[in-house]
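Asker: Got a predicted model here, sequence first, then my questions.
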Amino acid sequence: MSVDLATVKRVAHLARIAVNEEDANRMMGELNAILGFVEQLSEVDVSGVEPMTSVTPMAMKKREDVVNDGDKAEDIVANAPNSDRNFFLVPKVVE
Amino acid sequence: MTIVDVRTPDPKRFIPGATGDWEVIVGMEVHAQVLSNAKLFSGASTEFGKPANANVSLVDAAMPGMLPVINEECVRQAVRTGLGLKAQINKRSVFDRKNYFYPDLPQGYQISQFKDPVVGEGKIVISLGPDRQGNFEDIEIGIERLHLEQDAGKSMHDQHPTMSYVDLNRSGVALMEIVSKPDMRSSDEAKAYMTKLRAIVRYLGTCDGNMDEGSMRADVNVSVRRPGEAFGTRCEIKNMNSIRFIGQAIEYEARRQIAILEDGGKIDQETRLFDPNKGETRSMRSKEDAHDYRYFPDPDLLPLEFDDAFVEALKHDLPELPDDKKARYVSELGLSIYDASVLVSEKAIADYFEAVASGRDGKAAANWVINDLLGALNKAGKSIEETPVSPGQLGAILDLIKSEVISGKIAKDLFEIVFSEGGDPAEIVEARGMKQVTDTGAIEKAVDDIIAANPDQVAKVKAKPTLAGWFVGQVMKSTGGKANPQAVQALVKAKLGLED
């Protein structure tokens, strides 16, 4: 598997990362090198092997249905570039 | 995924076009907000209507380094709902990241379930009718899956000329996405499905079902085809929050698609919005990219696993659901299917009815709840939750009839008084002299008076015995409706020398 320049640009756009033509070309090479390396793994026969989700057999941690957080609206918006009455303000987005 | 058509085309549901009949195909994705105190992955409150960002933890705001920890009650709610949908419960499911950018989604991804949902295939039985013959048609609608996911925050665009306001209170609240199979074949079926699904989650207590608060929203997939042919291209109508609008949107959308196809055009698969003011659907401004959510398993979360005992315990505590209740009302209380359907349509109505019927005659209780209470509520524009007559008060009225303290006719007046003024029915009857006259002497006198005052009618009654009813009516009138009707009837017949 390999990626072309259009795919690199598309992936960058989906991730909202700005790349210029020169960077995109360089990254295409880097990504293809990584993909080529990963491709070697497909030489291993893993039929019948369950995908491993964790290196240790752990159960997922769960919480009780208790409200023990929140009520800190000022802290939540403290680092926002722009806010008003504890709302985040962002450049207008209308669907 | 291969889609199996489980329905047989039914001409009754066809939509006539200019060039022949068409069939509409509907499937739905319903987002139901899980009833829980805290959010799906944080300890912030889910309470509706709090000040901006008051119900937000650092997890919900996606601050760096914050890790999600699942709320076990949300899992229980999803499994309960799955059991209520007679669905396959998956003891192992996986949370995935669904990646997209929007200001009300601070993580840049929604934690959802993609490949391995917590609940698999199930079904809902909807009931259409009654038709003119009074028959109901039961139809099974398949459920494809139910999965857990996070809700997004809320953006407001009308507060400022150039800025949008973002409130993350809803961000991270647990949602159940319930996906149906494309098994519906009319707008009525779609409305019945949504109504039934809402009733089920309300019975289960897993979602409050308040569509106007956004607790339940539906994306409706609509396509049309010639009866019996393969499925056509579908359009998705987003974010419907009213059952009535769902019906209108499907009707409009089906006709729009038929018009295009009959003109030789083709349907573009797209997302549309319903405009309730115009009664139309319109295309949403298309996004630059087609959706590419790049799902992958969330590395912050291990697979969700539970055992049979977990499921069995929830199954054991499941409340009686509407279908079972309906069957029980018919078989045990002898109610008609129609009456039973009305009573189970909403949990609040069923609860009310059962409180009234407890220790009393089920049929009488059903008649009063359906005809008098629901009728009066409907006229007053009130819901069952807003009833001014409590089950205790209505029960007391039934008791007064049963013990023959008041007649059935006076009971209607009494009900109206309790409905508009409130108060203890027995005390009202006492204070306003509404007691039924069972004193034979008093009734006898009233009968004698009527007979004496109407010699013409007395002369006619020999030839026409049905006139006895007229005498009964006159006596009831002269006693202000308080005489016991059976006693009056017997006395009238005896005094006029008529056979029983």
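Answerer: Sure, I can see it.
Asker: For the rest of this, base every contact and every neighbour count on C-alpha atoms.
Answerer: Will do.
Asker: Let me know how buried residue 45 is, in neighbour terms.
Answerer: Using chain A. When neighbours are counted by other Cα atoms under 10 Å in any protein chain shown, A:Asp45 registers 8.
Asker: if you could check chain B rather than the one you did, that'd help
Answerer: B:Ser45: 25 neighbours (other Cα under 10 Å).
Asker: cool, A:Met28 as well?
Answerer: For A:Met28, using other Cα under 10 Å, the count is 19.
Asker: what about A:Asn25, which helix or strand?
Answerer: helix A:21-39 (DSSP states H and E).
Asker: what's that helix packed up against?
Answerer: Contacts defined by 3 or more Cα pairs under 8 Å, 6 or more residues apart in numbering or on different chains; DSSP states H and E place helix A:21-39 against helix A:5-14.
Asker: In the helix it packs on, which residues are buried?
Answerer: For helix A:5-14, the neighbour count (16 or more other Cα atoms under 10 Å in any protein chain shown) marks A:8-9, A:14 as buried.
Asker: B:Asp300: which of the residues you listed is nearest?
Answerer: A:Leu14 (21.6 Å; Cα to Cα).
Asker: Around chain A, which positions in the stretch 1-150 of chain B sit nearby?
Answerer: Residues of the stretch 1-150 of chain B lying near chain A by Cα under 8 Å from any Cα of the partner chain: B:36-38, B:42-45, B:52-58, B:61, B:69-74, B:100, B:103.
Asker: returning to what we had before: tell me how far the helix or strand that the helix holding A:Asn25 is followed by lies from the chain's centre.
Answerer: Counting by DSSP H and E, the next helix or strand C-terminal to helix A:21-39 is strand A:62-63. The chain centre lies 24 Å from the centre of strand A:62-63; the measure is Cα atoms, centre = their mean, to the nearest Å.
Asker: Also stretch B:166-180?
Answerer: 21 Å.
Asker: how about it as CSV, C-alpha atoms only?
Answerer: C-alpha atoms of stretch B:166-180 as CSV (Å, rounded to 0.1, in the frame of the first residue of the first chain):
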residue,chain,number,x,y,z
VAL,B,166,-20.5,27.4,22.3
ASP,B,167,-21.9,25.7,25.4
LEU,B,168,-20.5,22.3,26.3
ASN,B,169,-23.1,21.3,28.9
ARG,B,170,-24.4,18.6,26.6
SER,B,171,-20.9,17.5,25.5
GLY,B,172,-20.3,14.0,26.7
VAL,B,173,-23.8,13.2,27.7
ALA,B,174,-24.6,9.5,26.8
LEU,B,175,-26.7,8.8,23.8
MET,B,176,-28.1,5.6,22.5
GLU,B,177,-28.2,5.5,18.7
ILE,B,178,-30.9,3.0,17.8
VAL,B,179,-30.8,2.0,14.1
SER,B,180,-33.8,0.4,12.5
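Asker: any idea of the mean pLDDT for that stretch?
Answerer: What stretch B:166-180 shows for mean pLDDT is 98.
Asker: ok, back up a step: min pLDDT across the buried residues of helix A:5-14, which one?
Answerer: Lowest pLDDT among those: A:Leu14, 87.
Asker: who touches that residue in this structure?
Answerer: Applying Cα atoms under 8 Å, 6 or more residues apart in numbering or on different chains to A:Leu14 gives the contacts B:Tyr100.
Asker: Ok, B:His147 next?
Answerer: B:His147 touches B:78, B:112-113, B:117-119, B:176-178, counting by Cα under 8 Å, 6+ apart.
Asker: Then B:Val437?
Answerer: Counting by Cα under 8 Å, 6+ apart, B:Val437 has contacts B:443, B:482-484.
Asker: for chain B, what are the nearby residues on chain A?
Answerer: So chain A meets chain B at A:14, A:53-54, A:58-73, A:76, A:85-95 (Cα under 8 Å from any Cα).
Asker: Distance-wise, check B:Ala426 relative to B:Gly433.
Answerer: 11 Å (Cα to Cα, to the nearest Å).
Asker: any idea which helix or strand carries B:Ile25?
Answerer: Using DSSP H and E, B:Ile25 falls in strand B:20-33.
Asker: what comes into contact with the helix or strand following that strand?
Answerer: Under the assignment DSSP H and E, the closest C-terminal helix or strand after strand B:20-33 is strand B:70-71. Residues outside strand B:70-71 that contact it (Cα under 8 Å, 6+ apart): A:61-65, B:38-42.
Asker: could those be laid out in JSON lines, adding pLDDT and neighbour count?
Answerer: JSON lines is the format used below for the contacts of strand B:70-71 (pLDDT from 0 to 100; neighbours: other Cα atoms under 10 Å in any protein chain shown):
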{"residue": "A:Lys61", "pLDDT": "92", "neighbour count": "13"}
{"residue": "A:Lys62", "pLDDT": "95", "neighbour count": "15"}
{"residue": "A:Arg63", "pLDDT": "97", "neighbour count": "16"}
{"residue": "A:Glu64", "pLDDT": "97", "neighbour count": "14"}
{"residue": "A:Asp65", "pLDDT": "98", "neighbour count": "20"}
{"residue": "B:Ala38", "pLDDT": "98", "neighbour count": "26"}
{"residue": "B:Lys39", "pLDDT": "98", "neighbour count": "35"}
{"residue": "B:Leu40", "pLDDT": "98", "neighbour count": "31"}
{"residue": "B:Phe41", "pLDDT": "98", "neighbour count": "24"}
{"residue": "B:Ser42", "pLDDT": "98", "neighbour count": "27"}
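Asker: check contacts around B:Ile3.
Answerer: B:181-182.
Asker: Out of the contacts of B:His147, list just those in strands.
Answerer: If you go by DSSP state E, these have B:112, B:176-178 in strands.
Asker: buried ones in the longest strand belonging to chain A?
Answerer: For chain A, the longest strand by residue count, based on DSSP E, is strand A:87-91. Buried residues in strand A:87-91, counted by 16+ other Cα under 10 Å: A:87-90.
Asker: Looking at those, which is nearest B:Arg294?
Answerer: A:Val90 (25.2 Å).
Asker: distance of the residue nearest in space to the middle of chain A from B:Tyr109?
Answerer: Nearest to the geometric centre of chain A sits A:Ala15, at 7.6 Å (Cα atoms, centre = their mean). Using Cα to Cα, A:Ala15 is found at 11 Å from B:Tyr109.
Asker: swap in A:Val8?
Answerer: Distance of A:Val8 to B:Tyr109, given as Cα to Cα: 20 Å.
Asker: wait, A:Leu89 sits on A:Ser83?
Answerer: Yes. When contacts are counted by Cα atoms under 8 Å, A:Leu89 is listed as touching A:Ser83 (4.9 Å).
Asker: count of residues packed around residue 52?
Answerer: You didn't say which chain, so I picked chain A. Neighbours of A:Met52 (other Cα under 10 Å): 8.
Asker: that's the other chain; I wanted chain B
Answerer: 21.
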